[in-house]
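Visitor: What follows is a predicted protein model with its sequence.
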Amino acid sequence: MSRRGASSIAANPVLIGAATTLVTIVAVFLAYNANNGLPFVPVYELKADVPSATNLVQGNDVRMGGSRVGVVSEIAPRRHRNGSVTALLTLKLQTNVKPLPKDSTLIVRSRSALGLKYVELTLGRRKLAGGRDAPSFQNGDTIPLANATPQPVEIDEVFNTFDEPTRVASQRNLLEFGNAFAGRGASLNEAIEVLPQLLPNLERVMRNLSDPETELDNFFRALGAAAAEAAPVAEEQAQLFVNLDITFRALAEVARPFIQDSISGGPPALDEAIRDFPFQRVFLANNEGLFRELRPGVRALRRAAPDLAEALEIGTPTLIRSQILNRRLIPLFQSLERFANDPQVPLGVRGLTSLMRSLDPTLAFLTPAQTVCNYATLFFRNTASLLSEGDTNGTWQRFIVVIAPDGPNNEGGPSSRPANGPSPANHLHTNPYPNTASPGQPRECEAGNEPYIAGRTVIGNVPGTQRAATEKTTRDPSVPGGGG
C-alpha cells in the first residue's frame, strides 16, 4: 500500500513541476541577495556616517587590510542641524570582525580609475593601557563622522589642480631648470665635492662667533656708535664721492699731455733744487731731523698722501656738518644694539653651528650620487626633454593608459603582497634605495645599470655589482643656453 503511494507521487508531473519551480525560486532568491549576504547567516551590522558616497553603490565591498570582510547593504542621505548633508552607510560585516573598537577609522577609496569604490576599515586598539578592553561598537551602532578620516581625494580633484596656468608654469620650470643644469655636470661635481670641506671651517667660524668671549654684541654696539657719529654728515659724505668723480674725470681729460709734461719736467726741477739747497743748509738740517722721525709714517702713507691731503681739505667742512647724519643714524643703531643684546641671537648662531655639523655626514653620503654617478645632471637634462621631444601626437609628457599584466597581486587593484607570477611579466621589480657608491655601499651606480631578471620578483638591490659610471653630460656650444 505504501509502495503504491510513493510511486503515484513520483509519477505525478504536477508535483514534480512544483518542486522544480520551488527549487528555482530559492536559487534565484539566493543569487539576487548574494551581495547582501546569504539569508539565515549571522552578520555584524553597523552604520557609518561618511562625508560623501559618490560612486559608491549597494553591494560594494568593505575591506580591512586588503581582505573582504563585508558589504555595503544600504546608502541613505543624512541631513544635520547645521544644514550639511552626509551619507549614512549600512555595513554588514562578518562576525569575526566583532567587536570593532571605537577608535577605528574608515574611508571611501577608489578601487580603479573607472570609478569603482569600496569602504576601507582600519582597526583601532582592542586593548587599553593596563590590559583593559577598549570601548567598541555594538551591533546596530553608528560610526560617527569624525572617524571617517582622512578626507578622500577624488581623481578628478587631482586632475583639476593642473589647470592651464599650472601646466604652463610647470612646462616653463622644467625647461628652465633643464637648461640651467644641462651641460654643467662637471661644475656641479666640483661644487658638491668641495662643499664638505667648507663645513668644518664654517663650523669653527660659527663656534667662534657664538663664543661669549668674542663679544659679538659689543661689535654691533661699536658699529652703532660709529654710525651715530657719521649720521649728521651723510649728505656731505655722499657729495664727497660725487666731487671725487668730477675731479678724476677732469684729471683724465688733462692726463696727456699736461700731467705727462709735468712728470717730464720733474728732473730739471730737481737739478735746480740741488743748486739752491746749499744756501738752505740750516733749514734742511732741521728738516732732516723732522723727516727722520716721520720716515716710518711717510713710508706707509707715501702712496696715499696726495689723496689724503685732498680728502682732509674737503672733509674738514664736511665733518662739521656730519652731526645731521649722526642724529638720523641713532634709531638704526639703537635697533642694532637691541638685536645684539637679544639672548636669542647667540642661540640662533649656535643652532646654525649645530645644523652645519649635522649636514656634514648627509652631504658626505649624497656627494657620490652626483660626483660618481652624475644622477642630478641626468635628471634635469631628461626632464627638459619631456617638453622638447615627442612624436606627431605631442611631447612625451602626456597621459598614457598602461594595462597591468594578468596574474595574482598585479597592479590593477589592491593587493596584500608583491606580484609573483605565474607569467614572467607579472613580477615586481623595485629598488627604492639603489646603491650610489656612498659610504658603506659597494662602488656602483645601480640605478639605470641594474639588469631586468625575468620571471623573478626582485625587491631591493639586484644581485651582483654594477659598473660605477653613468652617461656623461657635457656642454654643447652649438646649443644656446647649454645643451648636453
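Guide: Thanks, I have it.

Visitor: Identify the residues contacting stretch 104-121?
Guide: 48, 50, 52-53, 55-56, 60-64, 69, 72, 89, 91, 97, 100, 122-124, 137, 143, 147-150, 152, 154-155, 412-414 (Cβ atoms under 8 Å, 6 or more residues apart in numbering). Quick note: C-beta positions are derived from backbone N, CA and C, even for glycine.

Visitor: Buried by neighbour count: which residues of it qualify?
Guide: Going by neighbour count (16 or more other Cβ atoms under 10 Å), the buried part of stretch 104-121 is 104, 106-108, 111, 117-121.

Visitor: ok, now stretch 131-144?
Guide: 137, 143.

Visitor: for this protein, longest helix please?
Guide: Counting by DSSP state H, the longest helix found in the chain is helix 344-371.

Visitor: Of all the residues in it, which ones are buried?
Guide: Buried residues in helix 344-371, counted by 16+ other Cβ under 10 Å: 345-346, 349, 353, 356, 360, 366-371.

Visitor: just stretch 447-462 next, same as before
Guide: So, applying 16+ other Cβ under 10 Å, buried residues of stretch 447-462: 447, 449-450, 457-458, 461-462.

Visitor: Relative to residue 309, which of those is nearest.
Guide: Top of the list for closeness to residue 309, among the buried residues of stretch 447-462 and by Cβ to Cβ, is residue 447 at 68.7 Å.

Visitor: What's the separation between the closest one and residue 434?
Guide: Residue 447 sits 4 Å away from residue 434, taking Cβ to Cβ, to the nearest Å as the criterion.

Visitor: again, but for residue 87
Guide: 44 Å.

Visitor: same deal with residue 76?
Guide: Using Cβ to Cβ, we find residue 76 at a distance of 51 Å from residue 434.

Visitor: Who has more neighbours out of these two?
Guide: residue 434 (20 against 10; other Cβ atoms under 10 Å).

Visitor: element containing that one, please.
Guide: Under DSSP states H and E, no helix or strand contains residue 434.

Visitor: Flag the shaky bits of the stretch 151-300 of the chain, pLDDT-wise.
Guide: For the stretch 151-300 of the chain, applying pLDDT under 70 flags the ranges 156.

Visitor: switch to 80 and redo it
Guide: Within the stretch 151-300 of the chain, the ranges that satisfy pLDDT under 80 run 151-159, 183, 198-199, 253, 255-257, 277-282, 284, 287-288, 291, 294-300.

Visitor: CA atoms only for stretch 279-298, dumped as PDB, please.
Guide: What follows is stretch 279-298, C-alpha atoms only, in PDB (Å, rounded to 0.1, in the frame of the first residue of the first chain):
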ATOM      1  CA  PHE A 279     122.000 128.100   0.600                       C
ATOM      2  CA  GLN A 280     119.300 126.400   2.600                       C
ATOM      3  CA  ARG A 281     121.500 124.100   4.600                       C
ATOM      4  CA  VAL A 282     120.300 125.200   8.100                       C
ATOM      5  CA  PHE A 283     116.700 124.800   7.100                       C
ATOM      6  CA  LEU A 284     117.400 121.400   5.600                       C
ATOM      7  CA  ALA A 285     119.300 120.300   8.700                       C
ATOM      8  CA  ASN A 286     116.200 121.000  10.800                       C
ATOM      9  CA  ASN A 287     114.000 119.300   8.200                       C
ATOM     10  CA  GLU A 288     116.300 116.300   8.200                       C
ATOM     11  CA  GLY A 289     115.500 115.600  11.900                       C
ATOM     12  CA  LEU A 290     111.800 116.100  11.300                       C
ATOM     13  CA  PHE A 291     111.600 113.800   8.300                       C
ATOM     14  CA  ARG A 292     113.700 111.200  10.100                       C
ATOM     15  CA  GLU A 293     111.100 111.000  12.800                       C
ATOM     16  CA  LEU A 294     108.300 111.000  10.100                       C
ATOM     17  CA  ARG A 295     110.000 108.300   8.000                       C
ATOM     18  CA  PRO A 296     108.000 105.300   9.200                       C
ATOM     19  CA  GLY A 297     104.700 107.000   8.700                       C
ATOM     20  CA  VAL A 298     105.700 108.600   5.400                       C
END
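
Visitor: Show me where the stretch 51-200 of the chain has its helices.
Guide: Under the criterion DSSP state H, counting those that start in this stretch, the stretch 51-200 of the chain contains helices at 155-160, 164-181, 185-210.

Visitor: what does the stretch 351-484 of the chain give?
Guide: 375-385.

Visitor: Contacts made by stretch 413-428 with the rest, please.
Guide: Counting by Cβ under 8 Å, 6+ apart, 63, 65-67, 111-112, 405-411, 454-459 sit against stretch 413-428.

Visitor: if you set the cut-off to 10 Å instead, what comes out?
Guide: 61, 63, 65-67, 109, 111-112, 116, 118, 120, 404-411, 429-430, 452-459 (Cβ atoms under 10 Å, 6 or more residues apart in numbering).

Visitor: and it, how far apart are its ends?
Guide: Its first and final residues considered, stretch 413-428 spans 14 Å by Cα to Cα, to the nearest Å.

Visitor: got the buried residues for it?
Guide: Here stretch 413-428 shows 419, 426-428 as buried, counting by 16+ other Cβ under 10 Å.

Visitor: Give me the mean pLDDT for that stretch.
Guide: The average pLDDT within stretch 413-428 is 84.

Visitor: what's the spacing between it and its chain's center?
Guide: Here stretch 413-428 is found 32 Å from its chain centre; the criterion is Cα atoms, centre = their mean, to the nearest Å.

Visitor: cool, and stretch 184-200?
Guide: 21 Å.

Visitor: Now do it: everything it contacts.
Guide: For stretch 184-200, using Cβ under 10 Å, 6+ apart, the contacting residues are 181, 356-364, 366-372, 374-378, 380-381, 470-475, 482, 484.

Visitor: Then stretch 144-152?
Guide: Residues contacting stretch 144-152 (Cβ under 10 Å, 6+ apart): 48-52, 54, 78, 80, 84, 86-89, 102-110, 117, 119-122, 124, 137.

Visitor: Give the buried residues for it.
Guide: Quick answer for stretch 144-152 (16+ other Cβ under 10 Å): 145, 147-148, 152.

Visitor: I'd guessed residue 209 sits against residue 353; true?
Guide: Yes: counting by Cβ atoms under 10 Å, residue 353 is a contact partner of residue 209 at 8.3 Å.

Visitor: Would you mind giving the domain segments of the protein?
Guide: Under the assignment automatic domain parsing, the domains of the chain span 2-32, 42-155, 219-341.

Visitor: what about residue 417, distance to residue 459?
Guide: 11 Å.

Visitor: what do you get for residue 428?
Guide: Distance, residue 428 to residue 459, by Cβ to Cβ: 6 Å.

Visitor: hmm, back to that, intersection of neighbour lists for residue 447 and residue 434?
Guide: Common neighbours of residue 447 and residue 434 (criterion: Cβ under 10 Å, 6+ apart): 369, 373, 375, 466.

Visitor: how far away is residue 311 from residue 237?
Guide: From residue 311 over to residue 237 (counting by Cβ to Cβ), the distance is 11 Å.

Visitor: Next, show the common contact partners of those two.
Guide: residue 318.

Visitor: Grab the longest strand from this protein for me.
Guide: The longest strand of the chain (DSSP state E) is strand 67-79.

Visitor: Please flag which of the contacts of stretch 144-152 sit within strands.
Guide: Short answer: the contacts of stretch 144-152 in strands (DSSP E) are 48-50, 78, 86-89, 105-110, 117, 119-122, 137.
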